[in-house]
Structure formats: structure tokens, C-alpha cells
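In: Any chance you could fold what I've pasted below:
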Amino acid sequence: MLDYNSTMNLFDCAGRIYRRIWRLLFAANFKRFGVKSSIVSPLQLNGTEYIEIGDHVTIGYKSRLTAEKHNENMPRVVIEDRTRIGHFSIISCVRDVHIGKNVITGAGAYISDNLHEYEDITLPIKAQPTIFKDSVYIGDDTWIGVNVAIMGAKVGKHCVIGANSVVTKDIPDYCVAAGIPAKVIKRYNFEKKVWQKVNGRDE
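Out: Residues are numbered from 1 along each chain as shown. Prediction:
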């Protein structure tokens, strides 16, 4: 029977083999695909020529990455070094989605710079165009919880976004935010070197 260390060594070996096979078969399709990065059994990949993935990036099982050109604007997805995207996540871009270094997302994250138009009530919403909402930027070292949706908003560096939150407005650096819509509930005080709760006016 294999002990724990032997089992982990086998998993590490399998991971290295998987990354090498992935690189040989698919990495050339991307605008950039960094060293020791992997996408685990993706559900869907569209517009890989517009997607840049840094080094040591892991994108979890059955995730979906799409970068679609809807008009004269070229889409661009950037996922920087050492970032981990959780299983079953969706990244959808028509213009600008940028995820920084050392970001981690829980399973089921939804990150999008676009939404469906719905103004024309004579048409089904699925028949109406996809429109750009706003650029998405997630700063370095940030933790995005399970099932968080970030739609056309920026999240600062070293932030925490609580599970099941919906981010539609920008979150500053060094903040904890939660809720639907997400609001800042804590902010780091550099003078006192502590995380402090904020009131309902974000003061």
C-alpha cells in the first residue's frame, strides 16, 4: 500500500505529465501560455488568440474562458502569474478582463465585462445583443470566494470578496467586501496595522 508521500509524488508526476501534454496540444492556440500553467479539462475555450495566461497559473476543472470580438474593439483576457481559478468558473470577455498575480478564486466564480441587452421587450433577451458593461480588473493577492460574480467592476489588491457576493461597483485596495450588491465591510488601517470594520457609509 502506498503511503501519503508516495501518493502525493504520484499526483505531482501526473500533474507534470498533464501540463506537458496540454502545452503540446493546445498552448500554441493562446496569445500567451506561460510555463507550468494548466487548464484542467475545460468546458469551453473560445477566442484563445485573445487570451494571455502567465506562469504557474491553474484554471480548474470544467471552467469556461471566452473572449469574443463583437465590434471593432479587440477583446483581451490577461491572467497573471501564480493565479488559481477555481473549478466550474466562467470568464467572459468582449473587451477587457485583467486578473493580477497570486489571485485565488473559489469554485463557480463568474467574471465578466459584458451583459445581455434587454431593453426591447418585443424580443427574447437571448436574441438581443451582448453589450460591454465596463472593464474588469482584479488586483494582485486578492481572494475571491465561492460563487462570486464580478461584472464590469474593479477589485483592488489584497482584497477578500465573501462567498456568493455580486460585485457591480469598484472595491478599493485592502478591503473586505460581501453581499448583493457587494459592499465594503472591512478595510485595513495601515497606521494601526489592523483590519477595521466600516460603517454603512464606508467610512
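
In: How many neighbouring residues does residue 156 have?
Out: By the criterion of other CB atoms under 10 Å, residue 156 has 19 neighbours. In this view, the C-beta of every residue, glycine as well, is placed from N, C-alpha and C.

In: how far away is the spatially closest residue to it that is not a sequence neighbour from residue 137?
Out: Counting by CB to CB, 6 or more residues apart in numbering, residue 156 lies nearest to residue 173, which is 3.4 Å off, once chain neighbours are set aside. Noted for residue 173: a distance of 11 Å to residue 137, by CB to CB, to the nearest Å.

In: which of those two has more neighbours?
Out: More crowded of residue 173 and residue 137, by other CB under 10 Å: residue 137, with 19 against 15.

In: Give me the contacts around stretch 165-182.
Out: 139, 145, 148-164, 183-188, 190, 195 (CB atoms under 8 Å, 6 or more residues apart in numbering).

In: Which members of those are positioned in helices?
Out: Applying DSSP state H to these, no entry is found in helices.

In: what about burial for the residues you listed, which qualify?
Out: 139, 145, 148-157, 159-162, 164, 183-187 (16 or more other CB atoms under 10 Å).

In: Now, those residues that are in strands?
Out: 149-151, 154-155, 160-161, 183-187 (DSSP state E).

In: For residue 45, give me its contacts.
Out: So residue 45 contacts 26, 29, 39, 64-66 (CB under 8 Å, 6+ apart).

In: That one: what secondary structure?
Out: strand (DSSP: H, G, I helix; E, B strand; the rest coil).

In: So which residue is dead centre in the chain?
Out: The centre of the chain sits closest to residue 111, judged by CA atoms, centre = their mean, with a distance of 5.4 Å.

In: what residues are up against that one?
Out: Residue 111 touches 89-92, 97, 99, 105, 136, 138, 149-150, counting by CB under 8 Å, 6+ apart.

In: Kindly reformat those residues as TSV containing secondary structure, distance to residue 73 and pLDDT.
Out: As requested, these are exported to TSV (DSSP: H, G, I helix; E, B strand; the rest coil; distance: CB to CB, whole Å; pLDDT from 0 to 100):
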residue	secondary structure	distance to residue 73	pLDDT
89	coil	24	98
90	strand	21	98
91	strand	17	98
92	strand	15	97
97	strand	13	98
99	strand	19	98
105	strand	25	98
136	strand	14	98
138	strand	20	98
149	strand	23	98
150	strand	20	98
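
In: In TSV: those residues, plus distance to residue 83.
Out: Converted to TSV, the contacts of residue 111 look like this (distance: CB to CB, whole Å):
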residue	distance to residue 83
89	11
90	15
91	11
92	17
97	12
99	6
105	8
136	14
138	9
149	18
150	14
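
In: Thanks again, I'm all set now.
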